[in-house]
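Participant: Here you go, sequence then predicted model.
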Amino acid sequence: MRIGIIGGGVIARLVLEHIRGGALGEVQVVAIAGRSEPSKVVGLVDAPGRRFVFSLYEAGEIWMADFSHPGAPVVTALGRAGDQPYDGLITGDGRHYIAGLFGEDGLAHVDLWAEPPVVRRILDHYGKGEEKLPVYKMPHLEGWALAGRDAALAPR
């Protein structure tokens, strides 16, 4: 069996320990993504071309796992998203990945058609000047409406 491990959390470390100890039989680790500190994987999307894009919550990063070449997956850190990316969405054409940031006002955007794809901040400080309110529930980006090519409507 061939597996890829995403994130550096408790489950990933336990799986690696079991693999190294031989408890899982013949397992080959083909890709490991994440930093050494524990980090939850959030905002995982299935991108065109046998790729997955995801954010690491505690690490504040966006990564891409490219499985388009059988037997040789490529896992790449695309860059720093910001504080605590908590969810992600991909546009219907597979071009844009957007991650919401729980730890600060703003969003992180990746144009997946760019070479190379890089993380760029959008709507930076959109709530600046307003009184900070308590957060009772994180809004998931799936609740957004993507309208054509020019607009994304978000709940307030």
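Facilitator: Looks like it came in fine. A quick note: this is a predicted structure, and the numbers were derived from the prediction, not measured.
Participant: Where do the strands of this structure begin and end?
Facilitator: Assigned by DSSP state E, the strands in the chain fall at 2-6, 28-33, 41-47, 51-56, 61-66, 74-80, 85-90, 96-101, 107-111, 119-122, 145-147, 151-153.
Participant: need those in TSV with mean neighbour count and distance to Glu17, can you?
Facilitator: All C-beta spots, glycine's among them, are computed from the backbone N, C-alpha and C. Listed next are the strands of the chain as TSV, based on neighbours: other CB atoms under 10 Å; distance: least, CB to CB, whole Å:
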stretch	mean neighbour count	distance to Glu17
strand 2-6	15	12
strand 28-33	15	12
strand 41-47	18	19
strand 51-56	24	20
strand 61-66	22	22
strand 74-80	15	20
strand 85-90	22	27
strand 96-101	23	30
strand 107-111	21	32
strand 119-122	16	31
strand 145-147	11	41
strand 151-153	12	42
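Participant: Of all the ones you listed, which one is nearest Glu131?
Facilitator: strand 96-101 (18.7 Å; CB to CB).
Participant: hang on, isn't Ile98 packed against Asp111?
Facilitator: No: using CB atoms under 8 Å, Ile98 is not in contact with Asp111; the gap is 10.5 Å.
Participant: looking at the strands of the chain, which has the lowest confidence?
Facilitator: When those are compared by mean pLDDT, strand 28-33 comes last with a mean of 58.
Participant: ok, Val75 to Asp105 distance?
Facilitator: According to CB to CB, to the nearest Å, Val75 and Asp105 sit 30 Å apart.
Participant: go on, Val42?
Facilitator: For Val42, the distance to Asp105 - CB to CB - is 18 Å.
Participant: Equivalent analysis for Phe52, please.
Facilitator: For Phe52 relative to Asp105 (CB to CB), the value is 27 Å.
Participant: Same question for Ala81.
Facilitator: Ala81 is 13 Å from Asp105, by CB to CB.
Participant: The two: which is more packed in?
Facilitator: Neighbour count, other CB atoms under 10 Å: between Ala81 and Asp105, Ala81 has more, with 29 against 15.
Participant: How about the contacts made by Phe54?
Facilitator: For Phe54, the contacting residues are Ile6, Val41, Val42, Gly43, Leu44, Val45, Ile62, Trp63, Met64, Ala65, Gly88, by CB atoms under 8 Å, 6 or more residues apart in numbering.
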